[in-house]
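Dropping the sequence and predicted coords here.
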Amino acid sequence: MRKSILSLLALTIVFALALSACGTPATTAPTEVPTVEEATEVPATEAPTEAPATEVPTEAPTVAPVAEEFIFGMLLVGAANDHGWSQAHYEAGLYVEQNIPGTKMIYLENVYSGSPAYPGTTTSQLAEQLVSQGAKLVIFNSDDMKDEATIFTQAHPEIDVIMASGDQVWAEGEAYIPMDNMVNIMGRMEYGKMMAGCAAALTSQTGKIGYLGPLINDETRRLASSAYLGAKYCWEQAGKDPAELQFKVTWIGFWFYIPGVSSDPTQVADDFYNSGYDVVISGIDTTEAMTEAKRLADAGQAVWAIPYDFKGACDTAPEICLGTPYFNWGPSYLETIQASIDGTFATSFQWLAPDWGDINNPNTSAVGFVTGPALSEEATTTLDAFIDELAGGLNLWTGPINLQDSTEYLADGQVATDQEVWYLKQLLEGMEGQSVSE
């Protein structure tokens, strides 16, 4: 059993308690946790040589400067310049700094279970590191951190916590744990993935769409399935035979490539392209599908890719990019951090839809979609019409829909509840690929 840490004492005492709670013998000295500066110099992947660029919103919210410096900490599962998930969070932190004068972000990169950057150190201990550097709020940015975020939050009722993608404080969820100092935030990327699937279906010349998946869990199943629903809808709306659409998911085993742990996403992308799949939708945090599509396209092959997570991901290879569904964490982080500053922070579960008035508004929309340069003019027009349908209330999570094993998931006309979507236990009928880990 882990022991709760009731207050911030000397850093070595905190770490000794945490490590002893994990069963470390009393005669063993606790592992020294790297400082923020040291940790960002020795990540498992290449550290950024400079801060990734970010755009200053043209209509930033007006916020009064804080009375004294407010430091918030962020634990990034990957690198801050990964052109994917972690960079989207990092730039949200910059957005907060730009729009709440007096705030300061500190962060650690490549924080995940077994990360070689922090041997023998848990994620909750790394959160302690941020607190020792003055953080009054800590952001855990990955599903991989869920259990450790709970440990830290329960041990530190005086520190406000944001858990991105989690569901611990969802009272109607399956993993509810009452914690007054945690907020769960997630965008309804299901819509973004539907847009990605639609763009793929409107472009594919072979009718074979590949989905490069990370690990298998409820989140990744529902996002891959959303991409399939979008592809199926737009394929059929274009008058094409549903039987001719193939949609295959291949999982690599983690959110990005870890040699010896996950499959190589470059090889998985190649396998798709070399077996007739001419569009690959990425569900991982990094851009290997883009890189491989560009390489093959440069050799004369008609292939395309759709990256994920980060608004600027198409810049990796615009000539083969059909578009990018992306998260915009900035507005929700700003609101939550401002509440922490004001003393009005309150626990909540936030599953945020796009701003349908303008899905790419940097100050209001949690989820957006950037149309890629490789998407044809005709397909762009059709995709825009599809987005308008979604904005108007089209819900593709409406039956009849069966699960992959042919059992009924939604009866004819039945609309899925939030719980039925969030906790999707199988891929959908019509999709090829594993629904559970072997």
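Received, thanks. Numbers count the residues shown, from 1 in each chain.

the bottom helix or strand of the chain by mean pLDDT?
helix 11-21 (a mean of 33; mean pLDDT, DSSP states H and E).

and Ile106, what element?
Per DSSP states H and E, Ile106 falls inside strand 103-108.

The nearest residue in space to Pro242 that is not next to it in sequence and Thr206, how far apart?
Distance criterion C-beta to C-beta, 6 or more residues apart in numbering; nearest residue to Pro242, sequence neighbours excluded, is Glu236 at 5.6 Å. Where you see a C-beta, it was placed from the backbone N, CA and C, and this is true even at glycine. Look at Glu236 and Thr206: by C-beta to C-beta, to the nearest Å, they are 17 Å apart.

Then Gly260?
Shown here: Gly260 relative to Thr206, a distance of 33 Å by C-beta to C-beta.

who has more neighbours, these two?
Neighbours per residue, other C-beta atoms under 10 Å: of Gly260 and Thr206, the larger number sits with Thr206, 14 against 4.

distance of the more buried one from Ser165?
The separation that Thr206 has from Ser165, given C-beta to C-beta, amounts to 33 Å.

what do you get for Glu319?
Counting by C-beta to C-beta, the separation of Glu319 from Ser165 is 32 Å.

Trp255 now?
Counting by C-beta to C-beta - Trp255 and Ser165 are separated by 11 Å.

quick one: which of the two has more around it?
Set side by side, Trp255 and Ser165 show unequal neighbour counts under other C-beta under 10 Å, the larger going to Trp255 at 25 against 20.

Which residues are in contact with the more buried one?
Contacts of Trp255 were listed using C-beta atoms under 8 Å, 6 or more residues apart in numbering, and they are 77-78, 85, 112, 142, 144, 214-215, 284-285.

just these now: which is nearest Val367?
Of all those, Val367 sits closest to Trp85, with 13.4 Å by C-beta to C-beta.

Could you verify my assumption that the closest one touches Thr287?
No - with contact defined as C-beta atoms under 8 Å, Trp85 does not count as touching Thr287 (11.1 Å).

just checking, Ala79 touches Glu109?
Yes - with the criterion set as C-beta under 8 Å, Ala79 and Glu109 qualify as a contacting pair; they are 5.3 Å apart.

And these two? Which one has more around it.
Regarding Ala79 and Glu109, a neighbour count based on other C-beta under 10 Å identifies Glu109 as having more, with 27 against 24.

quick one: the more buried one from Leu76, how far?
Noted for Glu109: a distance of 5 Å to Leu76, by C-beta to C-beta.

Show me the common contact partners of these two, please.
Going by C-beta under 8 Å, 6+ apart, residues that sit against Glu109 and also against Leu76 are Ser86.

picking up where we left off before, find residues that contact each of Trp255 and Ser165.
Between them, Trp255 and Ser165 share these contacting residues under C-beta under 8 Å, 6+ apart: Ser142.

got the phi/psi numbers for the residue most central in space within the chain?
Using C-alpha atoms, centre = their mean, the residue of the chain that lies closest to the mean C-alpha position is Trp85, 5.1 Å off. Geometry field for Trp85 lists phi and psi as phi -60, psi -50, criterion degrees, to the nearest 10.

And Phe140, by the same measure?
Dihedral angles (degrees, to the nearest 10) for Phe140: phi -100, psi 120.

ok, now which ones touch the nearest residue to it once chain neighbours are set aside?
By the measure of C-beta to C-beta, 6+ apart, the closest residue to Phe140 outside its immediate chain neighbours is Ala149, 4.0 Å from it. By C-beta under 8 Å, 6+ apart, the contact list for Ala149 reads 123-124, 127, 140, 161, 163, 166, 168, 182.

Which members of the residues you listed occur in strands, if any?
Among the contacts of Ala149, the members found in strands (DSSP state E) are 140, 161, 163, 182.

Am I right that Ile281 sits in a helix?
No - counting by DSSP: H, G, I helix; E, B strand; the rest coil, one finds Ile281 to be strand, located in no helix.

what's the distance between it and Ala224?
8 Å.

what's the spacing between stretch 219-229 and its chain's center?
The chain centroid and the centroid of stretch 219-229 are separated by 13 Å, computed with C-alpha atoms, centre = their mean, to the nearest Å.

Oh, that last question was meant for stretch 182-189, not what I typed.
So, by C-alpha atoms, centre = their mean, the centroid of stretch 182-189 is 10 Å from its chain's centroid.

all numbers from here: first residue = 578
Yes, from this point I'll number from 578; that puts the last item at stretch 759-766.

Would you mind pulling the contact partners of it?
Counting by C-beta under 8 Å, 6+ apart, stretch 759-766 makes contact with 726, 730, 737-747, 800, 803, 902, 904-906, 909-910, 913, 922-931, 943-944, all of which sit outside it.

do you know how far the residue nearest to Thr864 when sequence neighbours are not counted is from Glu997?
Among residues not flanking Thr864 along the chain, Thr893 sits closest, at 4.8 Å (C-beta to C-beta, 6+ apart). Applying C-beta to C-beta, the value for Thr893 to Glu997 is 35 Å.

quick one, which of these two is more surrounded?
Each of Thr893 and Glu997 had its neighbours counted (other C-beta under 10 Å), and the higher figure belongs to Thr893 (22 against 15).

Which phi and psi values does that one adopt?
Backbone phi and psi, for Thr893 under degrees, to the nearest 10, turn out to be phi -60, psi -40.

Then Trp928?
Dihedral angles of Trp928 (phi, psi; degrees, to the nearest 10) stand at phi -120, psi 100.

For the closest residue to it other than its chain neighbours, grab phi and psi.
Setting aside the residues directly before and after it, Trp928 is nearest to Met763 in space (C-beta to C-beta, 6+ apart), at 5.3 Å. Its backbone dihedrals place Met763 at phi -150, psi 140, with angles given as degrees, to the nearest 10.
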